[in-house]
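J.: The following block contains a protein sequence and its predicted model.
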Amino acid sequence: MYHFEEEAYRKRVGWFCKARFGMFIHWGLYSIPGRGEWVRSNEEMPEGEYLPFFENFTAKDFDPTAWARAAKRAGMGYVVMTAKHHDGFCLFDSQLTDFKSTNTPFGRDAVREFVEAVRAEGLKVGLYFSLIDWHHSDYPHYGDRYHPMRNDPKFENSQRNFDRYLDYMHGQIREVCSHYGKLDLLWFDFGYDHLRGEAWRGTELVNTVRTLQPGVLIDNRIEVSGEGFGSLYRCEPTPYHGDFVTPEKFIPPQGIRDVEGKPMVWESCVTMNNNWGYCPTDHNFKPASLLIKKLVECVSKGGNMILNVGPDGDGNIPWESLEILEQIGTWMDKNGESIRACGPSSLEKPEYGRITQKGKRLYVHIFENTLGPLPLMGLKKEQVESLRLLDGGRAVPISTSWVHSDYPEILFADLGADPVLPDAVDTVLEVSLKG
Ligand code: GLC
C-alpha cells in the first residue's frame with residue numbers, strides 16, 4: 001500500500017509554488033517543417049517522410065544560454081525543455097536508440113547543454129518526456145488513437161511487444177535521471193485510453209525517478225493528460241500520482257481543490273500562439289498585456305503558469321515570442337513581488353482586477369481604474385498599516401472623499417487626480433496589513 005508522505009510532498013513543491021512562472025520549450029525535428037509538434041500524427045506521416053528532418057537537423061543557432069537568459073529576463077523561475085516528444089526523437093545522447101540528436105549533423109547532446117545553461121542562470125531546470133513514442137517499433141501503431149500509422153492495417157501490432165517498449169522507455173528515464181545532474185522537474189506526457197498509470201508500469205517508473213532524483217517534482221500525466229486531475233485530487237494517491245495538476249491552454253475558473261476541498265498545486269501550460277512546436281504560419285500570438293493578466297489570474301487562484309516558446313529548426317526563438325517575453329519582463333521587473341511566492345487572498349476578486357497575497361501583504365492588481373477612489377472590499381481601515389504603489393513605492397492615502405460618504409463600511413484608496421493608471425496593463429497597489 002502506497003504511503004503518501006505529506007511533509008516530503010510539501011518540501012518538493014516549495015520552490016515551485018514560489019517561482020509561480022516558468023518557460024516551456026518545445027523543440028525537435030518537428031521544428032524544421034514548422035507545422036507543430038504533432039505534424040506526424042496530424043498528417044499521418046510515414047516514418048520515411050519524417051527521416052529527412054533527422055538527416056538535416058543542424059540546429060546551427062542552438063544557444064541554450066540565450067534561451068535561459070530570455071526566461072530569466074521575463075521573470076521566470078524555471079525552464080522545462082522537451083527531452084523527447086511523441087515523435088520519439090531524443091535530444092539527449094541515449095545509449096538505447098540511434099534516433100537522437102548526437103547522430104544528426106547537429107551532433108550534440110542538447111539536453112546536457114540545456115540543463116547546464118539553465119542552472120548557470122540560477123533557474124530551476126526541468127525536462128519534458130513523452131511516454132508516447134511513435135518511432136519505436138514496439139509502440140502500438142494500427143488502431144492506436146494517435147499514432148501516425150493508426151489507420152493503416154499494414155501496421156498491425158501482432159509482432160509488437162509493449163513490455164519491451166516499456167523497458168526501453170524506463171531505461172531512457174533512468175538515463176535522463178542519472179547523467180544530467182539534479183533535475184528539479186519531470187514533465188511526463190500523457191496518459192490516454194488504457195495507457196495510464198500501471199499500463200506504463202507507473203509505480204516502477206516513479207520509484208526509479210524518486211530513487212535517482214529524490215526531490216524532483218513530477219506532473220500528473222502518468223495518470224491523465226490536460227484532461228483529468230489525477231489520484232491526488234481524489235485523495236487516493238497512487239504511487240505514480242502527479243505532484244501537480246496540468247490544465248492546458250486553460251485556467252481553472254476557481255483554481256483547483258481536491259475532493260476534500262484542500263487547495264491543490266497546479267500549473268496552467270500556455271502557448272504564446274496556438275502551437276507548442278514552431279509554426280510560422282500561426283500568427284495568433286497572445287499579447288503580453290493578456291499574458292501578464294493571465295499570470296496574475298493563475299497566481300490569484302493558487303496556481304503557476306508555464307509559458308511556451310517553440311524555437312525553429314535552427315534553434316531561434318521566434319521574434320514575436322522574444323518581444324512578448326521582453327514586455328512581460330519589464331512588468332515583472334517592477335511587479336514581480338506580487339507574483340513570486342504569492343497566492344490567493346481570502347478577499348473576493350475586485351471588479352477592476354485581481355488580488356494576490358503573500359503573508360501580510362496584499363497585492364491589488366488594478367486592470368482598469370475606477371471612477372473616483374478605489375474600493376478595497378472586505379478590508380477595514382483598522383486592518384491596514386499602509387498603502388503604496390508597488391512600482392516606485394509612492395504612498396497612497398486612504399480616501400476621505402465625500403463622494404463615497406454613503407459607504408462608510410467600505411475602505412477606499414485615493415489614487416490621486418490623474419485618472420490614467422501608471423501601468424495601463426496592471427497597476428499594483430500594495431496593501432500592508434497590521435499584525
Ligand atoms: C499536449 C500536447 C503535447 C504538448 C503538451 C504540452 O499533451 O499533445 O504536444 O507537448 O500538451 O503540455
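T.: Structure received.
J.: Which helix or which strand is home to the closest residue to the ligand within the chain?
T.: Relative to the ligand, the nearest point of the chain is Cys269 (4.2 Å; Cβ to the nearest ligand atom). C-beta: built from backbone N, CA, C; applies to glycine. In this assignment (DSSP states H and E), Cys269 forms part of strand 267-270.
J.: C-terminal to that strand, which secondary structure element comes first?
T.: Using DSSP H and E, the first helix or strand after strand 267-270 is helix 288-300.
J.: counting contacts, what elements does that next one pack onto?
T.: Counting contacts by 3 or more Cβ pairs under 8 Å, 6 or more residues apart in numbering; DSSP states H and E, helix 288-300 packs against strand 267-270, strand 304-309, helix 319-335, strand 353-358, strand 361-366.
J.: that older thread, quick one: contacts for the residue of the chain closest to the ligand?
T.: Contact analysis of Cys269 by Cβ atoms under 8 Å, 6 or more residues apart in numbering lists Phe24, Gly226, Thr246, Pro247, Glu248, Lys249, Ile306, Asn308.
J.: Any chance of TSV for the helices and strands packed on helix 288-300, columns mean pLDDT and distance to Leu379?
T.: Below are the helices and strands packed on helix 288-300 laid out as TSV (pLDDT from 0 to 100; distance: least, Cβ to Cβ, whole Å):
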stretch	mean pLDDT	distance to Leu379
strand 267-270	98	28
strand 304-309	99	27
helix 319-335	98	20
strand 353-358	98	10
strand 361-366	98	8
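J.: Ala395 is nearest to which of the ones you listed?
T.: With Cβ to Cβ as the criterion, Ala395 lies closest to strand 361-366 of those, at 14.7 Å.
J.: which secondary structure elements does the closest one contact?
T.: Other elements packing on strand 361-366 under the criterion 3+ Cβ pairs under 8 Å, 6+ apart are helix 288-300, strand 353-358, strand 374-376, strand 427-433.
J.: what do you get if the cut-off is 7 Å, keeping everything else the same?
T.: strand 353-358, strand 427-433 (3 or more Cβ pairs under 7 Å, 6 or more residues apart in numbering; DSSP states H and E).
J.: Most tightly packed of those?
T.: With neighbours defined as mean count of other Cβ atoms under 10 Å, the helices and strands packed on strand 361-366 peak in mean count at strand 353-358, which reaches a mean of 23.
J.: orientation of that one relative to strand 427-433 in degrees?
T.: 40 degrees (axes from the mean of the first three to the mean of the last three Cα atoms, to 10 degrees).
J.: so what's the one residue sitting closest to the centre of the chain closest to, chain neighbours aside?
T.: In the chain, the residue lying closest to the centroid (Cα atoms, centre = their mean) is Ile306, at 2.5 Å. In this structure, Ile306 finds its nearest non-sequential neighbour in Gly22, 4.1 Å apart by Cβ to Cβ, 6 or more residues apart in numbering.
J.: From what I see, the one you found and Met76 are in contact.
T.: Yes - using Cβ atoms under 7 Å, Gly22 makes contact with Met76 at a distance of 5.3 Å.
J.: and this protein, which of its residues are near the ligand?
T.: Residues of the chain that fall close to the ligand, judged by Cβ under 6 Å from any ligand atom: His26, Glu37, Trp38, Asp189, Phe190, Ser225, Gly226, Glu248, Cys269, Trp276.
J.: Buried members of those into PyMOL, please.
T.: To isolate the buried members of the residues of the chain next to the ligand in PyMOL, using 16 or more other Cβ atoms under 10 Å:
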select buried, resi 26+37+38+189+190+226+248+269+276
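J.: Tell me the one of the residues of the chain next to the ligand nearest Ala395?
T.: Comparing the residues of the chain next to the ligand against Ala395 with Cβ to Cβ places Cys269 closest, at 38.9 Å.
J.: Mind listing the residues bridging to the residue of the chain closest to the ligand?
T.: Per DSSP bridges, the residues bridged to Cys269 are Glu248, Ile306.
J.: Check the gap between it and Val309 for me.
T.: Counting by Cβ to Cβ, to the nearest Å, the gap from Cys269 to Val309 is 12 Å.
J.: what does Glu6 give?
T.: With distances taken as Cβ to Cβ, Glu6 is found 35 Å from Val309.
J.: Looking at the two, which has the bigger crowd around it?
T.: Higher neighbour count among Glu6 and Val309: Val309, with 26 against 9, using other Cβ atoms under 10 Å.
J.: in the stretch 101-250 of the chain, which spans are helices?
T.: With DSSP state H, counting those that start in this stretch as the definition, the stretch 101-250 of the chain shows helices at residue ranges 110-120, 162-179, 202-212.
J.: JSON lines for the ones you listed, including distance to Gly88?
T.: Putting those into JSON lines (distance: least, Cβ to Cβ, whole Å) gives the following:
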{"stretch": "helix 110-120", "distance to Gly88": "15"}
{"stretch": "helix 162-179", "distance to Gly88": "10"}
{"stretch": "helix 202-212", "distance to Gly88": "17"}
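J.: Mean pLDDT for the ones you listed - can I get that in JSON lines?
T.: Output for the helices of the stretch 101-250 of the chain, formatted as JSON lines (pLDDT from 0 to 100):
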{"stretch": "helix 110-120", "mean pLDDT": "99"}
{"stretch": "helix 162-179", "mean pLDDT": "98"}
{"stretch": "helix 202-212", "mean pLDDT": "98"}
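J.: would JSON lines of those helices with mean neighbour count be doable?
T.: Output for those, formatted as JSON lines (neighbours: other Cβ atoms under 10 Å):
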{"stretch": "helix 110-120", "mean neighbour count": "21"}
{"stretch": "helix 162-179", "mean neighbour count": "17"}
{"stretch": "helix 202-212", "mean neighbour count": "17"}
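J.: How about the contacts made by the residue nearest to Asn157 when sequence neighbours are not counted?
T.: Excluding the flanking residues, the one nearest Asn157 by Cβ to Cβ, 6+ apart is Pro140, at 5.3 Å. Pro140 sits next to His147, Asn157, Arg160, Phe162 when contact means Cβ atoms under 7 Å, 6 or more residues apart in numbering.
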